[in-house]
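Novice: Got a sequence here, can you model it:
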Amino acid sequence: MSVARGVRMSVLQQDHYKYDGILVLDTVIMGNPGIFENIAARNELYAKDDFGDADGIRAADLECEFAEMNGWEAESDAASLLQGLGIGVSLHGKRMAELRGEEKVKVLLAQALFGNPGILVLDEPTNNLDRKAIKWLENFFGDFEGTIIVVSHDRHFLNEVCTHMADVDHGKIRLFVGNYDFWYETSQLALRMLKDENKKKEEHIKHLQEFIARFSANASKSKQATSRKRLLEKITLDDITPSTRRYPYMGFKPEREPGKDILTVKGLGKTIDGQKVLNNISFIVMRGEKIALVGQNELANTTLFKILAGEMEPDEGEFKWGVTITKAYFPKDNTEHFDGINTDLIDWLREYSPIKTDNHVRSFLGRVLFSGEDAQKPVKVLSGGEKVRMMLAKMMITNPNLLMFDHPTNHLDLEAITALNNGLADYSSNILFTSHDHQLLQTIANRIIEITPQGIVDMRGTYDEYLQKTS
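Specialist: Numbering: from 1, shown residues only. Predicted structure coming up:
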């Protein structure tokens with residue numbers, strides 16, 4: 001790799017504890033080492049007791065360099081970045097160790113953005129960012145004049161900020177013009193066209209092979225067979241290099257249609273550790289509604305899901321499911337479903353399957369990319385993403401007519417997120433879910449509910465319409 005002379009490259013740091021002893025504002029300014037080192041050198045010079053003529057000359061040089069780097073604007077620029085990402089002024093003078101995890105993420109992002117770098121290299125910059133911070137970042141990138149290289153699982157973010165997609169596959173990198181959706185659709189179309197074209201050639205070759213087999217021993221037609229054999233040798237299949245990406249299949253099919261009554265919630269309240277998490281929450285779910293729970297209070301959403309799933313009792317109020325409802329629940333924390341379980345994937349999934357045969361269970365494991373010997377892996381060795389896929393297989397195999405998801409895209413790669421999105425779009429019955437994935441929210445939800453300390457904001461429509469009305 002080579003970088004043009006005079007161009008500064010800035011990288012988003014991943015170690016959230018690296019700067020724990022440093023002040024927040026200083027951590028951001030460290031994003032431009034030239035400015036930060038200049039400040040340190042000047043402070044050291046001016047603190048000398050025996051400040052001499054040589055020191056004065058050196059200080060003058062440092063002052064000129066500082067001005068040329070717009071150093072006098074450093075603190076205000078750093079503060080502006082922090083406030084744009086939601087880090088208030090009251091935190092700027094604190095040490096990094098005093099901040100929460102999600103606040104540290106924002107400071108490190110501000111550090112990467114600081115000082116007008118020529119190249120930005122960002123690995124998952126939207127992780128742990130709230131909606132406002134993501135929107136601010138999208139706008140910042142819209143005005144950014146340098147080059148941005150970003151890795152992200154947030155499809156909406158990629159669509160908003162990217163002008164090119166770098167496809168890394170088979171040990172090579174191919175660059176395509178366009179955002180993520182354009183790349184995905186055109187790459188899938190090109191693959192289908194290539195397969196169709198080669199399918200015709202395969203049929204032609206098969207016909208020639210059959211002809212040769214039948215007539216090569218027939219003297220009267222040997223000349224014709226020989227000519228066809230020559231033709232066969234000239235026909236070559238275009239090399240289709242199968243993508244190493246594997247897309248799981250996420251298909252949720254209700255065993256029965258739900259009746260008219262789906263869910264009624266009346267006056268639900270819950271206090272956790274002295275905090276009123278749910279306060280007089282009431283709503284009715286109608287048939288066909290796909291409801292997204294949004295907002296800053298994720299604990300409230302998770303608490304509501306746990307109550308509706310029967311895992312937690314409310315302090316006040318009540319709820320009632322329709323008699324025809326069969327529900328499946330995806331928890332935010334799936335630890336209890338896997339910890340201490342000494343079995344393989346087949347037996348784990350068999351426990352939830354209405355049909356216990358190996359073939360039936362294996363068919364669902366295959367859908368989530370556990371085929372062959374992989375299906376016999378011990379549950380205890382699964383990664384975070386593999387556990388999520390197993391939870392989704394568990395939901396699929398029970399054929400529910402109502403789905404509840406608490407952040408289902410956590411730990412999933414882009415292929416699995418896309419497959420899940422497609423599966424939920426095709427699902428014909430009710431869904432209640434919450435997610436940070438903008439595209440999932442926008443393409444699935446037809447009703448938005450936000451839980452606030454005062455109650456709920458309830459709006460029928462898309463997620464983007466909700467954002468427009470509440471911004």
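Novice: Tell me which residues are up against stretch 338-347.
Specialist: Stretch 338-347 has contacts (CB atoms under 8 Å, 6 or more residues apart in numbering) with 348, 358, 361-362, 365, 370, 374-380, 382, 387, 390. C-beta here means a position set from N, CA and C on the backbone, and glycine is covered the same way.
Novice: pLDDT (mean, whole number) over it?
Specialist: Mean pLDDT, computed over stretch 338-347, is 93.
Novice: Now do the buried residues in that stretch.
Specialist: For stretch 338-347, a neighbour-count test (16 or more other CB atoms under 10 Å) marks Asp344, Leu345, Ile346 as buried.
Novice: Any idea how far apart the tips of that stretch sit?
Specialist: Criterion CA to CA, to the nearest Å; first-to-last residue distance in stretch 338-347 is 12 Å.
Novice: and what of stretch 147-163?
Specialist: Start-to-end, stretch 147-163 (CA to CA) is 10 Å.
Novice: what about the helices in the stretch 101-250 of the chain?
Specialist: Assigned by DSSP state H, counting those that start in this stretch, the helices in the stretch 101-250 of the chain fall at 101-113, 131-143, 155-161, 180-215, 222-234.
Novice: whoops, the stretch 301-450 of the chain was the one
Specialist: 345-350, 358-367, 384-397, 414-426, 438-444.
Novice: possible to save the ones you listed as CSV with distance to Glu465?
Specialist: Compiled in CSV, those are given as follows (distance: least, CB to CB, whole Å):
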stretch, distance to Glu465
helix 345-350, 39
helix 358-367, 33
helix 384-397, 28
helix 414-426, 18
helix 438-444, 9
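Novice: hmm, back to that, could you tell me the least trusted of the helices of the stretch 101-250 of the chain?
Specialist: helix 222-234 (a mean of 58).
Novice: Tell me which helix or strand comes right after it.
Specialist: strand 263-272 (DSSP states H and E).
Novice: helices or strands up against that following strand?
Specialist: Contacts defined by 3 or more CB pairs under 8 Å, 6 or more residues apart in numbering; DSSP states H and E place strand 263-272 against strand 275-285, helix 298-308, strand 316-321.
Novice: Of all those, which one is nearest Phe36?
Specialist: Using CB to CB as the measure, helix 298-308 is the one of the helices and strands packed on strand 263-272 that comes nearest Phe36, at 35.0 Å.
Novice: Off-centre distance for the closest one?
Specialist: With CA atoms, centre = their mean, to the nearest Å as the basis, helix 298-308 stands 21 Å off its chain's centre.
Novice: what's the answer for stretch 48-57, then?
Specialist: Remark: stretch 48-57 is offset 55 Å from the chain centroid, using CA atoms, centre = their mean.
Novice: what does stretch 388-405 give?
Specialist: In terms of CA atoms, centre = their mean, the centre of stretch 388-405 is found 19 Å from the chain centre.
Novice: That stretch spans what distance, first to last residue?
Specialist: 11 Å.
Novice: same deal with stretch 266-286?
Specialist: Stretch 266-286 has an end-to-end distance of 15 Å (CA to CA).
Novice: what residues does that stretch touch?
Specialist: 262-265, 291, 297, 299-300, 303-304, 307, 312, 314-319, 430, 432, 449, 451, 453-456, 458.
Novice: Disregarding residues adjacent in the polypeptide, which is nearest to Ile148?
Specialist: Sequence neighbours aside, Leu120 is the residue nearest to Ile148 in space, at 4.7 Å (criterion: CB to CB, 6 or more residues apart in numbering).
Novice: what sits against the one you found?
Specialist: Leu120 sits next to Met9, Ser10, Leu12, Ala112, Leu113, Phe144, Gly146, Thr147, Ile148, Ile149, Val150 when contact means CB under 8 Å, 6+ apart.
Novice: Repeat that for Ile173.
Specialist: Counting by CB under 8 Å, 6+ apart, Ile173 makes contact with Ala166, Asp167.
Novice: try Gly384
Specialist: Asn410, His411.
Novice: Roughly how far does it sit from Glu351?
Specialist: Gly384 is 21 Å from Glu351, where distance means CB to CB, to the nearest Å.
Novice: Kindly report the domain assignment for this protein.
Specialist: For the chain, the structural domains run 9-181, 263-470, going by automatic domain parsing.
Novice: Now find how far off-centre the longest one is within its chain.
Specialist: By that I understand domain 263-470. Chain-centre distance of domain 263-470: 16 Å, with CA atoms, centre = their mean.
Novice: same thing with the shortest one?
Specialist: Using CA atoms, centre = their mean, the distance from the centre of domain 9-181 to the centre of the chain it belongs to is 22 Å.
Novice: so Asn401 sits right up against Glu255, yeah?
Specialist: Yes - Asn401 is within contact range of Glu255, at 7.0 Å (criterion: CB atoms under 8 Å).
Novice: Between the two, which has more neighbouring residues?
Specialist: Neighbours per residue (other CB atoms under 10 Å) separate Asn401 from Glu255, with Asn401 holding more: 24 against 10.
Novice: how many other residues sit next to the closest residue to the more buried one other than its chain neighbours?
Specialist: Excluding its sequence neighbours, the residue lying closest to Asn401 (CB to CB, 6+ apart) is Pro254, at 3.7 Å. For Pro254, the neighbour count with other CB under 10 Å is 16.
Novice: For Pro254, give its distance to Asp426.
Specialist: Pro254 is 12 Å from Asp426, where distance means CB to CB.
Novice: Also Asp344?
Specialist: 30 Å.
Novice: Ala375 now?
Specialist: For Ala375, the distance to Asp426 - CB to CB - is 25 Å.
Novice: So between the two, which is more surrounded?
Specialist: Ala375 (17 against 11).
Novice: per-residue confidence at the residue nearest to that one when sequence neighbours are not counted?
Specialist: Using CB to CB, 6+ apart and skipping the chain neighbours, the partner closest in space to Ala375 is Leu365 (4.7 Å). Predicted confidence (pLDDT) for Leu365: 97.
Novice: Identify the residues contacting Leu365.
Specialist: By CB under 8 Å, 6+ apart, the contact set of Leu365 is Leu345, Ile346, Leu349, Ser371, Asp374, Ala375, Ala393.
Novice: Leu45: which of the residues you listed is nearest?
Specialist: Using CB to CB, the contacts of Leu365 come closest to Leu45 at Asp374, 63.1 Å.
Novice: Just confirm Leu293 is within a strand.
Specialist: Yes - under the criterion used here (DSSP: H, G, I helix; E, B strand; the rest coil), Leu293 sits inside a strand.
Novice: now it: how far from Ile451?
Specialist: For Leu293, the distance to Ile451 - CB to CB - is 7 Å.
Novice: I am finished for the moment; much appreciated.
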